[in-house]
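S.K.: only geometry, no sequence info:
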């Protein structure tokens, strides 16, 4: 059983930056692809980014490409999401997830509790 705990959310002005962290415990972190997802009020949860087990490959939603960077440190059992040039439409609860597949949609077995990101205009 893998436990995931996100941190780093907060309130930021448009154009600003935040770095989210997700610390994993209870499993072998390097066995999992790691993804970030988000859910805005009244909207469905959507994919943001994913990184391979090794960290060798990443994939992003079009809406964040060029602004967000996912990375991981397998020695620290942590995955990160660096968010730059934030926009009000990035406001959402951000979740990290651990999965068996390098995928934007399927195979995520474990989820964190989420961290709120609010971007003011």
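M.R.: Here it is on my side, so go on. Here the structure is a predicted model, which is why all the values come from computation and not from measurement.

S.K.: CA atoms for contacts and neighbours, from now on please.
M.R.: Noted.

S.K.: show me what contacts residue 10?
M.R.: 18, 116, 117, 118 (CA atoms under 8 Å, 6 or more residues apart in numbering).

S.K.: Let's see that with 7 Å instead.
M.R.: 116, 117, 118 (CA atoms under 7 Å, 6 or more residues apart in numbering).

S.K.: Pull up the gap between the residue nearest the centre of the chain and residue 114, please.
M.R.: For the chain, residue 36 is the residue whose C-alpha lies nearest the centre (CA atoms, centre = their mean; 2.5 Å). Between residue 36 and residue 114 the computed distance is 10 Å (CA to CA, to the nearest Å).

S.K.: got any residues that touch both of these two?
M.R.: 94, 95.

S.K.: Mind listing what's buried along the helix or strand where residue 79 lies?
M.R.: According to DSSP states H and E, residue 79 maps onto strand 78-83. For strand 78-83, burial by neighbour count (16 or more other CA atoms under 10 Å) applies to 78, 79, 80, 81, 83.

S.K.: With stretch 65-85 instead?
M.R.: Going by neighbour count (16+ other CA under 10 Å), the buried part of stretch 65-85 is 68-72, 74, 77-81, 83-84.

S.K.: Kindly report the same for stretch 14-32.
M.R.: Those would be 14, 17, 18, 19, 20, 21, 22, 23, 24, 29, 30, 32, for stretch 14-32 by 16+ other CA under 10 Å.

S.K.: Quick one: distance of it to the chain centre.
M.R.: Centroid separation between stretch 14-32 and its chain, computed with CA atoms, centre = their mean, to the nearest Å, is 6 Å.
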